[in-house]
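S.K.: Give me the fold of what follows.
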Amino acid sequence: MNKFLLTIGFIASAVSGVFGQCKVEDETLTYGVMFKWGFIEKEAGIIRLQTDVNEAEGYFTSVMTGASTSIADKIYTVRDTLSGKIMLESMEPVYYEKIAHEGGEFRRDQINYVRDEFGNVSAQTLLEKIDKKGNQTTGEKLHTATGITLDMLSAFYYMRHLDYPNMQVGESVVFNIFSARKKELLKITYLGKQDLNTGKNGTPVSTYHISFTFTYDADKKEQSSDPIEAWMAEDEHRTPLQVVGKLPVGKIRCRLKSEQKE
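M.R.: Sure, this is the predicted structure:
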């Protein structure tokens, strides 16, 4: 679920021409997570994202929660919360935290970012884990990068702000992306406009279709994930309507169930 909840290879100056196309607003989005394998299709979880904007201070806070359904709990229980503080002007994170209860284990990851005027980013991370037997481990890491640097939560907002109308089909942008444990690269590729049947009143919605991939080694640029596809509404909100990705067995689809602007 991590890769759905939602870089040196593409410098900040190159990004500046395709950014700032969508205003962040207070909103609550709810997604249903479906698991499909052959003819089997079951609801596996619910994801909720709440955004609260503080324009006076120039930032917004975000909280994303993910929980598996009672049926999915019998196979693998998930109760995750991602939270962060993100700058309004650049969509870059100031703070990120992930609290995860997955498969009987507890993890807590924290990232605090520091940026200088030259585009250099450093992030001190804290890691805590309690395994199924109750054994506790903690650790720290320091990540460094140059240019736009995101995490799993801020990437969800950043992808909504790219200027897709002025991008060519197949054009990509690449960013740094940090987790508490490692530094990766995130590549977003524009696949063009596509009508998406959202199931609401049977009326197709015009969307921007993109894919994104992650690498597990930012230096070697080795891909660690199959492409994940996303569809965003072609309107002023750029609301992500659907995300689809492969699993080792089957595929998973996150689709918007409800949207509330506050």
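S.K.: Tell me the buried residues in stretch 227-244?
M.R.: Buried positions in stretch 227-244, judged by neighbour count with 16 or more other C-beta atoms under 10 Å: 227-234, 238-244. No exception for glycine: its C-beta is placed from N, CA and C like everyone else's.
S.K.: How far off centre is that stretch?
M.R.: Here the centre of stretch 227-244 is set off from its chain's centre by 12 Å, with C-alpha atoms, centre = their mean, to the nearest Å.
S.K.: okay, how far is it across that stretch, tip to tip?
M.R.: Chord length of stretch 227-244, first to last residue, is 9 Å (C-alpha to C-alpha, to the nearest Å).
S.K.: Contacts for that stretch, please.
M.R.: 3-4, 6, 21-23, 25, 27, 29, 31, 156, 159-161, 189, 191, 193-194, 196, 198, 205-213, 245, 251-256, 259, 261 (C-beta atoms under 8 Å, 6 or more residues apart in numbering).
S.K.: filter these to the buried ones?
M.R.: Taking 16+ other C-beta under 10 Å as the criterion, what is buried in those is 3-4, 6, 22, 27, 29, 31, 156, 159-161, 189, 191, 196, 198, 205, 207-213, 245, 252-256.
S.K.: quick one: which of those residues sit in strands?
M.R.: If you go by DSSP state E, the buried ones among the contacts of stretch 227-244 have 27, 29, 31, 189, 191, 196, 205, 207-213, 245, 252-256 in strands.
S.K.: My read is that residue 186 contacts residue 179, right?
M.R.: No. When contacts are counted by C-beta atoms under 8 Å, residue 186 is not listed as touching residue 179 (11.1 Å).
S.K.: which of those two has more neighbours?
M.R.: residue 186 (27 against 20; other C-beta atoms under 10 Å).
S.K.: Could you check how far the more buried one is from residue 25?
M.R.: 24 Å (C-beta to C-beta, to the nearest Å).
S.K.: just residue 102 next, same as before
M.R.: Taking C-beta to C-beta, one finds residue 102 at 31 Å from residue 25.
S.K.: Residue 154 too?
M.R.: 16 Å.
S.K.: Regarding residue 237, what is its secondary structure?
M.R.: coil (DSSP: H, G, I helix; E, B strand; the rest coil).
S.K.: got a list of contacts for the helix or strand hosting residue 80?
M.R.: Applying DSSP states H and E as the criterion places residue 80 in strand 78-87. Strand 78-87 is contacted by residues 1-2, 5, 45, 58-68, 72, 92-103, 151-154, 157 when judged by C-beta under 8 Å, 6+ apart.
S.K.: Drop anything exposed from those.
M.R.: Neighbour counting by 16+ other C-beta under 10 Å classes 1, 5, 45, 59-60, 62-68, 72, 92-100, 102, 151-154, 157 among these as buried.
S.K.: which regions of the stretch 1-150 of the chain sit below the pLDDT cut-off?
M.R.: 1-21, 37-41, 73 (pLDDT under 70).
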